Structures are given as C-alpha cells and as structure tokens.
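[1] mind looking at a prediction? Sequence and model below.
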Amino acid sequence: MPDPEFYMMSKHYLLYGSERYALAILRPLQEAIWARGHKAAWFFDGPGAEELRSNETFLRTTREVREFAPIAVLTSSNAVPHFFPGVKVEVFHGFDAGKPRHIYIRGFFDLYCTTGARDTQAFTEKSHELGHFAVKETGWPKLDPFMREHGSPEPPPVRAQPVILYHSTFSPSWSAAPILYDNIRDMSRTGRWRWIVTLHPKSAPETVAKYKALENEYLRFATEDNILDLFPQVDMMISDTSSALNEFLLTYKPVVTFKNRRPGPQLIDIDSPDQLLPSIERALSRPPELMQAIREYADSIHPYRDGRSSERVLDAVDDFIAAGARNRKPKPGNWWRKIKIRKRLGYWGPA
C-alpha cells in the first residue's frame, strides 16, 4: 500500500537536456513542480544552459546532481546518464512524423510518458514484450502553455490575407527546403499571401542563408526558439517530414507536405513542386473532409486540450515511485552507451 506521506513530502526533480529545445519542453514541468512546492534543477549535456533564467537552478557537475538527489530525472532526450539518482522518465522531444526510430527502446528509462493513444499503444506493446519499463499516457508538457491559451475546439477563420508557415526538417533525405525554394521565393513576392519561414536548428547554414535572404514585406524569417509561438500567427503550414507538422495539426489547421514519409488523409501531400500552388489553395479553402481527418488524427496523437499534461507527468512519476519504482524485469546492460556517457561527462564513480 503506497505511503500517503510520500505524496506530501518535498521532492527534487532534475530536468535533463541535450539540446536547446529541451527548454520549451521541460519548462512547463518546472512550473508544475514549483506550483506543488517542490524543487527543480537543470543539467545540460549539450547546448541550452546559457539560456537559463536567473530564477532557474543550474547544476554544472555530476557531483552537484548527486548531491541534489532528485527522485526523478525528466528528459526529452533519447538517453540519460544512468548514474544520476532517481527514476528515469522520458517525455519525448516530438511526435512520430514517420521518421525511423521513433518507437525504439535504448534501455535507459523506467517510465515513458506518452502523448496520446497512438504512441501509448506502441510503447505498451513494447513494454509487455520487454518488461523493463512502464508506460503512462499523460500528454506532452511542451503543449501546456499553448493549450491553455489556444486549446479552442475550433480553428479561427482564415485571415483576409492568409499567412503561411513554411518549416522544413534538416535531414537532406527528407528536407524539401532546397526543392521548394524557387516556388516559395516567387510566391512570396506576389503579395497574395504573407509568409513566415523557419528551419530546423540543424539545417545546413547555406540553406538557412538562402531563405533568410528572401525576407521582404511579405516574408519574415523567424528565429523564435519555440515554433509553437508561430502557430497562432498563421492559417496553414507547408512542411515535409518534420515532427513539427504534427504539433501544428493540433491547431486543427491544414498542412501541405512534400513527399511525407507517412502521408494520410490528414495531410495534403504532394510529390512535385508544381503541385504546391493548387495545394495551398485547397488548404486555405478548408474542405470539410480534410478538416474532419485533421481533427481525428490530432485527437489520436494528443487528445488533451486542458494544458495540464505536466501535472499528469508528475502524478505518473509519483504513482510509479509509490508503487515501488520497479518494473517486471531489470533494464539491459547497455554497457557501450553507458561508457560513452561516462566518458563524455568525465564521471567514473558508482552508479
């Protein structure tokens, strides 16, 4: 029987990041931790620490982390130092966009907090097969601020002068940025629509430079860290196989994709640049069958529109720990990956 006092005690949580995008994903969790009267601290194994605010706690060394003694390590990364104290919890860095290795298990995590029914089913099946991690559907913390403000069940009407968001992934094999460049350049100069362009942070510098050079009175190159900030400003999106397009579909607004790896009725997918113009026109007309497919898909990947996914993650962690913090089987050895993490962080002490 779980001890009721556990739920009342003061707790420490570590927020672990390996990329700058961890800030947008994990900060809502920090707010929920603070709201409960608990403590949160950050550790970065990569960029991001330089963007922390004065009221946020930054732990610079493994020793500081171990002294902080978190009950849980919450991360959007695919791996986590096994020698950090606490339950290891994966909250994901994006939705499944059809790229390889979304549903893969590296053996670092005790608990996966999934975003919606699609991922919950896939990870639960793996949990039953492997036995060394638990799964709890919570929703995605990154979306909490957005959903609290923009979680309306209906999209706003299209603007008199529609605004289009163009976003591309960075992988050369999936990115449409080089292919659609001429089309976007030409269409952005007509004034028929307004454009906001943003590229993945890992995009090739020459590609970023080309799109930045397109800026004019109708096109803005956006540098916002959190792409969610752009969603209320636009009426549709153009993309390829970026996980951000799934985030955008949660606004119930249309997306045109170029050679998406997993097209479906929720997308207007094209395979030739010549199809871009009519596809934009169709998206902005919002045909009922498309809008219904978008709604059904969005609700399957993230049905929560209450902005309380962070609270559900913390509840899931509490319940897992209170029930014994153990899974049916031990995690795999993972020796080679663990050695690489130890070497990177310069820690050779006990786990």
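    Ah, there it is.

[2] mind listing what's buried along stretch 112-130?
    By 16 or more other C-beta atoms under 10 Å, the buried positions in stretch 112-130 come out as 112-116, 118-120, 123-124, 126-127. All C-beta spots, glycine's among them, are computed from the backbone N, C-alpha and C.

[3] go on, stretch 277-290?
    Neighbour-count burial for stretch 277-290 flags 279-280, 282-284, 286, 290 (criterion: 16+ other C-beta under 10 Å).

[4] for it, what does the pLDDT average out to?
    Mean per-residue pLDDT for stretch 277-290: 98.

[5] start and end of stretch 78-88, how far apart?
    End-to-end distance of stretch 78-88 (C-alpha to C-alpha, to the nearest Å): 11 Å.

[6] setting aside sequence neighbours, what's the nearest residue to the residue nearest to the spatial centre of the chain?
    For the chain, the residue nearest the mean C-alpha position is G94 (3.0 Å; C-alpha atoms, centre = their mean). Of all residues not flanking G94 in the chain, S243 sits nearest, at 3.3 Å (C-beta to C-beta, 6 or more residues apart in numbering).

[7] read off the pLDDT value for the one you found.
    Per-residue pLDDT puts S243 at 83.

[8] I figured the residue nearest to the centre of the chain was touching A244, is that so?
    Yes - G94 is within contact range of A244, at 7.3 Å (criterion: C-beta atoms under 8 Å).

[9] what segments of this protein are strands?
    Remark: strands assigned in the chain by DSSP state E are 12-17, 39-44, 72-75, 87-90, 111-114, 134-137, 163-168, 194-199, 219-221, 236-239, 255-258, 268-270.

[10] rewinding a little: distance to T75 added to the buried residues of stretch 277-290, as a markdown table?
    What follows is the buried residues of stretch 277-290, written out as a markdown table (distance: C-beta to C-beta, whole Å):
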| residue | distance to T75 |
| --- | --- |
| S279 | 37 |
| I280 | 38 |
| R282 | 40 |
| A283 | 35 |
| L284 | 38 |
| R286 | 38 |
| L290 | 36 |
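
[11] and which of those is nearest F43?
    Among the buried residues of stretch 277-290, A283 lies closest to F43 (C-beta to C-beta), at 41.8 Å.

[12] how close does that closest one get to G264?
    Relative to G264, A283 is positioned 15 Å away (C-beta to C-beta, to the nearest Å).

[13] and stretch 258-274, what's buried?
    258, 260, 266-270.

[14] correction: stretch 159-173
    Buried residues in stretch 159-173 (16+ other C-beta under 10 Å): 162-170.
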